[in-house]
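Enquirer: Return a 3D structure for these sequence lines:
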Amino acid sequence: MSYRAELIEDRGEAASGPDFFRSPAFLEAEGTTHSLRIAGDGVDLFAPVLVREIPGSDRTDAISPYGYPGFRNAGTDPAGPVDPAAVDFSATGLVTVFVRHALGRPVPLAGASPRNVCLVSDPSLPRKSRMSDRQQIRRNLKNGYELALSAGPETAPDDRAGFLAAYTETMHRTDAAERYFFDAAYFDRILGVDGTWLVTARAPDGAIAAASIAVASDDLLHYYLSGTADAHLRDSAMKNVLETLISFGDETGLAVNLGGGITPGDRLEEFKRGFANREEQWYTSEITCDPEASTALAGSRDPGDFFPPYRA
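Expert: Alright, predicted model coming up:
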């Protein structure tokens, strides 16, 4: 079988349907520039991508926006995953493509790489929580913490501002990469989407101690971006936020994707395991469209496992 790829200068081609990670507002906030289309033999796949200039060259590559955008298939159901080696990428002019697949959906490309194990709280299974977490949650409530969950478009300006402050402090505290520092305009865009929520935990003094944005996509409720204020770290109010979000998932019948850690087995992953009752493997695809160009751009550097090698 043979397939052909092309770039479409309309990210809306990949944005139909109610799923957050393919919604126009999210794709705009992420700076998505194109849709990558792979078609042939009953397959018509679309994925949102950011086309980028490769520094020091006149070539470009592409990467999926953050999260779990994946592909949508506008064609008939294929017999199996498409082998990227059978796809003619020449019309795209791209050197490489990095694709983040949707979570909990069949992966439409063969040879995809297993990445993070995502930890999930599934309402169809018995709830899980550690005794120490339950004790901390009850202690915070007894001490005057208040929890609230609001639909994204209905969130109050001071709640958004409190979330942004807590989130930004968290990114500084964890020495996060520059791309994870978002401004107020970014959060205003994504919280304007139906199927988003803001969960807040207010300390007894009225300040937002911890908060998280939740989004619905691909029949999952995703614990998307979150933060805890420096001044309230000791109270671990994020446990109350997660408990509220998981209870909301139980009410709506949606499993909550808590994501994973930064590295396998780290403290963040261990924290999330205290609330998860199953796992879901997440996949990406690393596609070299022009092997000669990729090798030439990489030169003599040793990329290790980094993709694409010329950006190592």
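
Enquirer: what helix or strand does residue 172 sit in?
Expert: helix 157-173 (DSSP states H and E).

Enquirer: which helices and strands sit right next to that helix?
Expert: Counting contacts by 3 or more C-beta pairs under 8 Å, 6 or more residues apart in numbering; DSSP states H and E, helix 157-173 is packed against helix 184-191, strand 196-202, strand 208-217, strand 220-228. C-beta coordinates here come from the backbone N, C-alpha and C atoms, glycine included.

Enquirer: same for the third one, what does it pack against?
Expert: So that's strand 208-217. Contacts defined by 3+ C-beta pairs under 8 Å, 6+ apart place strand 208-217 against helix 157-173, helix 184-191, strand 196-202, strand 220-228, helix 238-252.

Enquirer: List the buried residues of the shortest one.
Expert: Within strand 196-202, the residues scored as buried using 16 or more other C-beta atoms under 10 Å are 196-202.

Enquirer: I'd like those residues as JSON lines, with pLDDT and distance to residue 154 appended.
Expert: Shown next, in JSON lines, are the buried residues of strand 196-202 (pLDDT from 0 to 100; distance: C-beta to C-beta, whole Å):
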{"residue": "196", "pLDDT": "97", "distance to residue 154": "10"}
{"residue": "197", "pLDDT": "98", "distance to residue 154": "9"}
{"residue": "198", "pLDDT": "98", "distance to residue 154": "9"}
{"residue": "199", "pLDDT": "98", "distance to residue 154": "13"}
{"residue": "200", "pLDDT": "98", "distance to residue 154": "13"}
{"residue": "201", "pLDDT": "98", "distance to residue 154": "18"}
{"residue": "202", "pLDDT": "98", "distance to residue 154": "17"}
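
Enquirer: would you list every one of the strands in this protein?
Expert: 3-8, 34-40, 43-53, 60-63, 72-73, 87-88, 94-100, 113-121, 146-151, 196-202, 208-217, 220-228, 255-259, 278-288 (DSSP state E).

Enquirer: what pairs with the fifth one, and is each one parallel or antiparallel?
Expert: Taking DSSP bridges as the criterion, strand 72-73 sits next to strand 43-53 (antiparallel) in its sheet.

Enquirer: Show me the contact partners of the partner strand.
Expert: By C-beta atoms under 8 Å, 6 or more residues apart in numbering, the residues outside strand 43-53 that reach it are 3, 7-8, 11, 13-15, 22, 27, 30-39, 59-65, 69-76, 78, 82, 94, 97, 99, 108.

Enquirer: and it, average pLDDT?
Expert: In this model, strand 43-53 has a mean pLDDT of 95.

Enquirer: got the buried residues for it?
Expert: Buried-residue list, strand 43-53, by 16+ other C-beta under 10 Å: 43-51.

Enquirer: Could you check how far the closest residue to residue 110 other than its chain neighbours is from residue 218?
Expert: Nearest non-adjacent residue to residue 110, counting by C-beta to C-beta, 6 or more residues apart in numbering: residue 81, 4.1 Å away. Between residue 81 and residue 218 the computed distance is 17 Å (C-beta to C-beta, to the nearest Å).
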